[in-house]
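Colleague: Structure, please.
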Amino acid sequence: MVDIKYEITKHIATLSTTEHGWTVELNLVSWNEHLPKLDIRSWSPSHERMGKGVTLSDEEGDKLVTSLQAYLQN
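Modeller: Residues are numbered from 1 along each chain as shown. Reported below is the predicted structural model:
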C-alpha cells in the first residue's frame, strides 16, 4: 500500500461532529508535499485517519462559493 503524506496547514472550519468524535472539516491540506489545496473530508479525533473527501483548487473553491451564494439567494 502506498503511503500518502499529508499536512493540514490551516484549519478553516469544522462543519459537523459525530457522536464518536469524527469531524467533517474544511482545511488547507498539503498532499505529498505539494502546495496546499482546499479540502473537505471527515477526520478521526486524532487526525491520523480520514474518510473520503473532496480537494479543490483555489479556482474551484471560488466557483463553489459563488454557486452557493447564488443558491442561497433563491
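
Colleague: Can you tell me what sits against stretch 50-70?
Modeller: 6, 22, 29, 31, 37, 38, 39, 40, 41, 42, 43, 44 (CB atoms under 8 Å, 6 or more residues apart in numbering). Where you see a C-beta, it was placed from the backbone N, CA and C, and this is true even at glycine.

Colleague: how about it: buried residues?
Modeller: Taking 16 or more other CB atoms under 10 Å as the basis for neighbour counts, the residues of stretch 50-70 that come out buried are 50, 53, 56.

Colleague: Distance from it to the middle of the chain?
Modeller: Per CA atoms, centre = their mean, to the nearest Å, the displacement of stretch 50-70 from the mean C-alpha position of its chain is 9 Å.

Colleague: if you average pLDDT over that stretch, what comes out?
Modeller: Stretch 50-70 comes out with an average pLDDT of 97.

Colleague: and if you look at stretch 2-16?
Modeller: For stretch 2-16, the mean confidence score works out to 95.
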